[in-house]
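Chemist: structure for the following, please:
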Amino acid sequence: MHLTEENRAWWTLAGACGGLFLLMLDSTVITLALPDIERDVGASASEVQWVVNAYLLVMAALVVTTGRLGDIFGRRRVYLIGLAAFGVGSVVAATADSPALLIAGRVIQGAGGAPVIGLSLALVTSVFSPERQAMAVGVWTAVSSVALGIGPLIGGALVEVDWRLIFWINIPLIATGIAITLFAAPESRDESSDPRIDWGGLVTLGLGLGAVVFAFVESDRWGFGDPAFLGLLAAGLLLLGCFALIERRVREPIVDFALFRNGPYFGATAAAFALVGAYWSVIFFQPQYLQEVLGYSAVTAGVLILPLTLPMIVISPFAGRLIARFGARVLMGTGILLALAGVIVQTRLAADSAYGELFAGLLLFGIALGCVYAPMSSAAMAAMPANKAGIAAGVLAMNRLLSGAVSLAITGAIFQSLQHDELDAGASRDAAFSYGLANSFWFIVALLAVGAVLTWVFVRSPGEPAPPRHEHPHRFHL
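Modeler: A predicted model of the protein is given here:
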């Protein structure tokens, strides 16, 4: 079948959006299944956290490097390898009969998801003319919002039948995405790209992040003052310090730290880190609260969590007009403050709370996602010169994934410590869970408060004067 250039572009957009839809759907579907997974495979609280954290960590560590591999060896080729790997991971997770095997499946999914999230947009922009790219990117972004919005509904319905279906459903979607991409998407690469890969940075980043997150996830078993916790945390931080040193010396770094000397870019990445980190903690714990404490079924919990995700679908199409009217700083700053208010509401939850209290907190946070999620990418990329757009977009994507892993690890460590203290004091399981959840969310409050300050100080709309920047080459805002 012969394809016109226009048809090829639209089919390529469909294939790329299919991969993105799969990843965004997975991020919300999995959280509805966690109580069933915990019971079915005998997972501990820390192992349940690893089901989410392993996926986020691997994807965060690999997203920039797989983007570089796509530039060197062909974006379509690496994208297809990613989709296939995600399928393999889905099969491993769907057939897992132990926590270790399930986590292994999620690691493979994370490795496959990295090139999908890193290259899907590159496939789209390579086939659309410059004057039509904004429209194509708008469709691509809308697909992301829709997947996040409807994920809880789909997840709840599938879990009600069998939690393994949340992984099996990926297979036909992946097969369709591979077929469309093979059929329509042309191969593209950056012929001028330096073929060297920053292996030293990749190893120190992956091991450093893994050590820090592992220390916090296992802190309930060890204790915050235990030498194992302190030693692993110190080793992780040392490795991350080595990563920073390596990145200053390589020609093609995973993270170009000089990007953060650009005030608007720094402000947008700070907002992203705070909001997305908070989102992952909320979407991880609240479905469990709805099912384990308030007693709702998985499908009902999927409906009741929708105030967190649906506002993004409603607000995102108007993001451009809202930025034009109010400016990126006002829109994003207001959004972060709404998220802050929503999490403060959630710190008041107890075992006997009515759903209406949670609804208010979720709705405020959901409106915040709609106000911030699309504008933060626009504000970050508008501040970058064209020759830095690729690395800037990759670092922004890595930042969002990394924030989820780190935030969830720290919130989870605080939650488990508080919950166990309450159980040891004789509290019921529901009361201990609610107390741990409500009080661990004060960490999220602090994270969002810092994010709000940095957003108001640094974020600017295009054309608005930027704050003074540091000119010293080794002095950064971070």
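Chemist: going forward, measure contacts between C-alpha atoms and count neighbours the same way
Modeler: Fine.
Chemist: what's the helix or strand for F224?
Modeler: Taking DSSP states H and E as the definition, one finds F224 inside no helix or strand.
Chemist: ok, and the closest non-adjacent residue to it?
Modeler: Of all residues not flanking F224 in the chain, L230 sits nearest, at 7.2 Å (CA to CA, 6 or more residues apart in numbering).
Chemist: likewise N53?
Modeler: A405 (5.2 Å).
Chemist: hmm, the one you found is touching V213, no?
Modeler: Yes - using CA atoms under 8 Å, A405 is in contact with V213, at 7.3 Å.
Chemist: R460 in helix, strand or coil?
Modeler: For R460, the secondary-structure state derived from DSSP: H, G, I helix; E, B strand; the rest coil is coil.
Chemist: show me where pLDDT drops low in the stretch 101-250 of the chain?
Modeler: The stretch 101-250 of the chain contains residues with pLDDT under 70 at 133-134, 190-194.
Chemist: re the thing from before, so the residue nearest to F224 versus L408, what's the distance?
Modeler: Taking CA to CA, to the nearest Å as the measure, L230 falls 19 Å from L408.
Chemist: okay, and the residue nearest to N53 sits in which element?
Modeler: With DSSP H and E as the test, A405 turns up in helix 389-424.
Chemist: give me the buried positions along that helix.
Modeler: By neighbour count with 16 or more other CA atoms under 10 Å, helix 389-424 contains the buried residues 390-420, 422.
Chemist: now do stretch 83-95
Modeler: L83, A84, A85, F86, G87, V88, G89, S90, V91, V92, A93, A94.
Chemist: from memory N53 sits against S403, does it?
Modeler: No - taking CA under 8 Å as the definition, N53 is not a contact partner of S403, at 10.6 Å.
Chemist: break this structure into its domains for me.
Modeler: If you go by automatic domain parsing, the domain ranges for the chain are 1-188, 198-251, 260-478.
Chemist: what about the last one, average pLDDT?
Modeler: Per-residue pLDDT values across domain 260-478 average out to 85.
Chemist: helix/strand/coil for S188?
Modeler: Relying on three-state DSSP, one would call S188 coil.
Chemist: gap between it and T65?
Modeler: On the measure of CA to CA, S188 and T65 end up 17 Å apart.
Chemist: quick one: which of those two has more around it?
Modeler: Legend: neighbour count by other CA atoms under 10 Å for S188 and T65, higher for T65 (24 against 18).
Chemist: once you drop chain neighbours, what's closest to the one residue sitting closest to the centre of the chain?
Modeler: For the chain, L401 is the residue whose C-alpha lies nearest the centre (CA atoms, centre = their mean; 3.8 Å). Leaving out its chain neighbours, the residue that sits closest to L401 by CA to CA, 6+ apart is A60, at 5.2 Å.
Chemist: mind checking which helix or strand the one you found is in?
Modeler: Here A60 sits within helix 45-73, counting by DSSP H and E.
Chemist: for A136, see how far away the nearest residue to H420 once chain neighbours are set aside is.
Modeler: In this structure, H420 finds its nearest non-sequential neighbour in A432, 7.4 Å apart by CA to CA, 6+ apart. Separation of A432 from A136 (CA to CA): 48 Å.
Chemist: excluding chain neighbours, what is closest to T95?
Modeler: Counting by CA to CA, 6+ apart, the residue nearest T95 is R164, at 7.5 Å.
Chemist: what residues are up against that neighbour?
Modeler: For R164, the contact set (CA atoms under 8 Å, 6 or more residues apart in numbering) comprises A93, A94, T95.
Chemist: now it: phi and psi?
Modeler: Backbone torsions of R164, given as degrees, to the nearest 10, read phi -70, psi -20.
Chemist: what's the answer for D226, then?
Modeler: According to degrees, to the nearest 10, D226 has phi -70, psi 140.
Chemist: and it, how many neighbours?
Modeler: 11.
Chemist: please apply the same query to the one 3 residues further on.
Modeler: One way to gauge burial is a neighbour count; for F229, by other CA under 10 Å, it gives 23.
Chemist: for it, pull up the helix or strand it's in.
Modeler: Assigned by DSSP H and E, F229 belongs to helix 227-247.
Chemist: wait, the residue nearest to L401 sits on V406?
Modeler: No - in this structure, A60 is not within contact of V406 by CA under 8 Å, at 10.8 Å.
Chemist: in whatever helix or strand T141 lives in, what's buried?
Modeler: In this structure, T141 is located in helix 130-161 according to DSSP H and E. The neighbour-count check on helix 130-161 (16+ other CA under 10 Å) flags 136-137, 139-160 as buried.
Chemist: for stretch 365-376, same thing?
Modeler: Neighbour-count burial for stretch 365-376 [16+ other CA under 10 Å]: F365, G366, I367, A368, L369, G370, C371, V372, Y373, A374, P375, M376.
Chemist: likewise stretch 287-296?
Modeler: P287, Q288, Y289, L290, Q291, E292, V293, L294, Y296.
Chemist: for it, give me every contacting residue.
Modeler: With contact meaning CA under 8 Å, 6+ apart, stretch 287-296 is reached by 31-32, 34-35, 297-298, 301-302, 305, 351-352, 430, 433-434.
Chemist: of those, which belong to helices?
Modeler: The members of these that map onto helices under DSSP state H are T31, L32, L34, P35, A298, A301, G302, D430, F433, S434.
Chemist: which of those residues count as buried?
Modeler: T31, L32, L34, P35, A298, A301, G302, D430, F433, S434.
Chemist: ok, the fifth one - contacts?
Modeler: Pointing back at A298 there. Contacts here follow CA under 8 Å, 6+ apart; on that basis A298 touches L32, A33, G156, A157, V159, E160, Q291.
Chemist: and with 10 Å instead?
Modeler: A298 makes contacts with 32-36, 152-153, 155-161, 163, 287-288, 290-292, 304, as judged by CA atoms under 10 Å, 6 or more residues apart in numbering.
Chemist: same deal with I37?
Modeler: Here I37 is in contact with I30, T31, A43, V48, V51, S98, P99, L102, V159, D162, W163, R164 (criterion: CA under 10 Å, 6+ apart).
Chemist: just the buried residues of the host helix or strand of it, please?
Modeler: Using DSSP H and E, I37 maps to helix 5-40. Using 16+ other CA under 10 Å as the test for burial, helix 5-40 gives 8-37.
Chemist: so what does F224 look like in phi/psi?
Modeler: Torsion angles, degrees, to the nearest 10, at F224: phi -70, psi -20.
Chemist: run the chain-centre distance for the helix holding T141.
Modeler: Centroid separation for helix 130-161 versus its chain: 14 Å, with CA atoms, centre = their mean, to the nearest Å.
Chemist: ok, then the element right after it?
Modeler: Assigned by DSSP H and E, the successor of helix 130-161 is helix 165-168.
Chemist: helices or strands next to that next one in the packing?
Modeler: When contacts are defined as 3 or more CA pairs under 10 Å, 6 or more residues apart in numbering; DSSP states H and E, helix 165-168 sits against helix 5-40, helix 75-94, helix 130-161.
Chemist: many thanks, have a good one.
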